[in-house]
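Asker: give me a 3D structure for the following:
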Amino acid sequence: MVGELTEHRDYSTKTHRMQTTFQNSYFTERFGRNDFEPINKQELPNATAYLMKYIEKSGERIVYSKNTPAYFISDILDDDVVCTIGQEDRKLLLFDNFICFDDGVYVGEVSPEVIERMPKKN
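Answerer: Numbering: from 1, shown residues only. Okay, here's the model as predicted:
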């Protein structure tokens, strides 16, 4: 992350009490007040979908780029899906450590060796 996170205590006019926030120096210099907070696992799909929507609006293409083929066939677990993306939510954004299955048979956690054993699609 660019900038540094610093802790700030101030009065919230919304809740009418003191609050502690974390602000990033990079964003403070360019945009003013900002608040950073941890995202829990239940919020991750919505937060990621929100960011993906704006990346897609700018015409960017999202590609997993750690030297893996763009397309291979795998059954996946629901817990390995971060959120749906793309037109009509037809694509899935997966966690980096998702589990691969070939026709319901466990192959392993995604890695170059596991991908090599998976069926490919162009």
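
Asker: just for this protein, where's the confidence low?
Answerer: Counting by pLDDT under 70, the ranges of the chain that qualify are 60-70, 122.

Asker: could you rerun that using 90?
Answerer: Counting by pLDDT under 90, the chain has low-confidence residues at 1-3, 10, 12-14, 33, 35-76, 81-96, 103-104, 111-112, 115-122.

Asker: nearest residue to the middle of the chain?
Answerer: T48 (4.7 Å; Cα atoms, centre = their mean).

Asker: centre of the chain to the helix or strand encompassing it, how far?
Answerer: Assigning secondary structure by DSSP states H and E places T48 in helix 44-57. Centroid displacement of helix 44-57 relative to its chain, using Cα atoms, centre = their mean, to the nearest Å, is 8 Å.

Asker: so where do the helices sit in the chain?
Answerer: All helices of the chain, identified by DSSP state H, fall at 25-31, 44-57, 112-117.

Asker: count of residues packed around C100?
Answerer: Other residues near C100 number 22, with proximity taken as other Cβ atoms under 10 Å. The C-beta positions use only the backbone N, C-alpha and C, and glycine is treated the same way.

Asker: what sits against it?
Answerer: Applying Cβ atoms under 8 Å, 6 or more residues apart in numbering, we find C100 in contact with S74, D75, I76, V107, G108, E109, V110, V114, I115, M118.

Asker: which residues of this structure fall in strands?
Answerer: Counting by DSSP state E, one finds strands in the chain at the ranges 5-12, 17-24, 81-85, 91-94, 99-102, 105-109.

Asker: list the buried ones in the fifth one?
Answerer: Right, strand 99-102. Neighbour counts over strand 99-102 (16 or more other Cβ atoms under 10 Å) mark I99, C100 as buried.
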